[in-house]
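**Q** Whatever this is, show me its structure:
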Amino acid sequence: MRRTLRLGLALIALILAAAAPQPVGAGSGSLRADLEGTSIPMSEVASYHCHDLDYPVIHCFLTEDELQSAMVLSTMAEASGPIPLGSNYIELFDLVGYAGASIYLSADYPSLGTLGWNDRASSYIAQNGLDSALYVETNYQGSALYPCCNQLVPSLSGTFNDKISSARQR
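**A** Presented below is the predicted three-dimensional model:
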C-alpha cells in the first residue's frame, strides 16, 4: 500500500513537472537538478540515479527502480514529452556490471564534470544510440567511444573506464 501511494505521488509529480513551461534555448548556465522534487547542487547528481529528459533539469532518484519507473512514464508520454522514441540516450553507470549511481544522458555535455560525472563511468547501456559519442577529454576531444544500437557494455576497456569526460548525442 505504501509503495502504491509513493508511486502515485511520483506519477503526479512527473505529470506536474511535464506540464510546467520549460525555458527556451536553455544553456548549461541554467542547468539544475532535483532529488525527488527537491533542488540539489549539481555536484550531487553523480551520487544518485538521474535522467536529463527534461533538460536543462536533471531529475534524480534514490534507487535505480525509481529511475526506471520515471523513464517508463517519460517514454509513455513521448508524444508530448521532451524525448521521442528513437532518440539517442545513454545510461552511464558508476561501476562495472551496471552498478552504482547512474544517469541517462540525452543532451550534449562538453564537460560531464558539470554533473559530477567526470572520469566516473565504468559501464553503459545505449538506448537507440545511433550517433552518440563519449570522449575521454572535455569539449568532445581525445579518444572517442561510439555507443550504438541498444548496446549493453558491462565493463569499459582500460582506454575508457573512469575516463569519460564529455558526451554528445547527435
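**Q** Tell me the pLDDT of C148.
**A** pLDDT, C148: 84.
**Q** which SS class is it?
**A** coil (DSSP: H, G, I helix; E, B strand; the rest coil).
**Q** which residues touch the closest residue to I125 other than its chain neighbours?
**A** Leaving aside its chain neighbours, I125 sits nearest to E91 (4.6 Å; criterion: C-beta to C-beta, 6 or more residues apart in numbering). No exception for glycine: its C-beta is placed from N, CA and C like everyone else's. By C-beta atoms under 8 Å, 6 or more residues apart in numbering, the contact set of E91 is S102, I103, Y104, L105, Y124, I125, Q127.
**Q** what does the average pLDDT come to for stretch 123-143?
**A** 90.
**Q** Equivalent analysis for stretch 161-170, please.
**A** 93.
**Q** Any idea how many residues pack against the nearest residue in space to L152 that is not next to it in sequence?
**A** Closest residue to L152 apart from its sequence neighbours, by C-beta to C-beta, 6+ apart: I125 at 5.3 Å. I125 is flanked by 19 other residues according to other C-beta atoms under 10 Å.
**Q** Next, I125: phi, psi?
**A** phi -130, psi 120 (degrees, to the nearest 10).
**Q** all strands for the chain, in order.
**A** 32-35, 38-40, 49-54, 57-61, 89-95, 99-105, 123-127, 132-137, 141-145, 152-153, 166-169 (DSSP state E).
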